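S.K.: The following block contains a protein sequence and its predicted model.
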Amino acid sequence: MRDIGEHRPQDPRYRERVRDEFSRQKAMAYIGASLAIVEPGFVEIHLPYRDDLTQQHEVVHGGVVSMIVDSACGFAALSLFPADASVLTTEYKINLLAPAREGKVIARAWVVKSGRTLTICSGQAYIASGAGEQLIAVALETVMQLRGRPEPPQQPAA
């Protein structure tokens, strides 16, 4: 489900800004996630299956699936925000529907309603393998638009 109307980004450089902000997320780098698609109000993130991201039943941990869906929602919202804005998740609900076994986890998120302060996004996660894609999670998320971009942390003086 992606046909939710046409969105117009407020920043003509939205793709570059979303990619820059994604690259600053150390958690995404740590788990090996990559930003695959950035469109106005839509983002797709990929995560290759890794054994070290599994829980005791040898499936990708639900928290890891939640991480990439949350990030996809936030960046989908950010794609529509002004150039001087940043994004912060305020609430989300996720339903884990099926286990993520071998394959690639794909998180897709789109903006349902963009407001001045709060934006509502919907997200889905799939496991992609030779058999195609299987829906493994659905989410609904609220993100807040913050004015100003957070500064990178300062390194302590030597």
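M.R.: Sure thing, it's come through.
S.K.: For the rest of this, base every contact and every neighbour count on C-alpha atoms.
M.R.: Noted.
S.K.: Next SSE downstream of the lengthiest helix in the chain?
M.R.: Ranked by number of residues, the top helix in the chain under DSSP state H is helix 62-78. Downstream of helix 62-78, the first helix or strand assigned by DSSP states H and E is strand 85-96.
S.K.: residues in contact with residue 142?
M.R.: 89, 90, 91, 92, 118, 119, 120, 121 (C-alpha atoms under 8 Å, 6 or more residues apart in numbering).
S.K.: any chance you could map the helices in this structure?
M.R.: 14-23, 26-31, 62-78.
S.K.: Could I get the ones you listed in CSV, plus columns for mean pLDDT, distance to residue 128 and mean neighbour count?
M.R.: Formatted as CSV, these follow (pLDDT from 0 to 100; distance: least, C-alpha to C-alpha, whole Å; neighbours: other C-alpha atoms under 10 Å):
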stretch, mean pLDDT, distance to residue 128, mean neighbour count
helix 14-23, 96, 22, 17
helix 26-31, 96, 17, 13
helix 62-78, 98, 13, 27
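S.K.: Out of these, the one nearest residue 50 is which?
M.R.: helix 26-31 (8.6 Å; C-alpha to C-alpha).
S.K.: distance between the closest one and the chain's centre?
M.R.: Helix 26-31 sits 12 Å away from the centroid of its parent chain (C-alpha atoms, centre = their mean, to the nearest Å).
S.K.: Over to stretch 130-149?
M.R.: Taking C-alpha atoms, centre = their mean, the mean C-alpha location of stretch 130-149 is offset from the chain mean by 5 Å.
S.K.: tilt between the strand ranked longest in the chain and helix 62-78?
M.R.: As assigned by DSSP state E, the longest strand anywhere in the chain is strand 132-147. Counting by axes from the mean of the first three to the mean of the last three C-alpha atoms, to 10 degrees, strand 132-147 lies at 60 degrees to helix 62-78.
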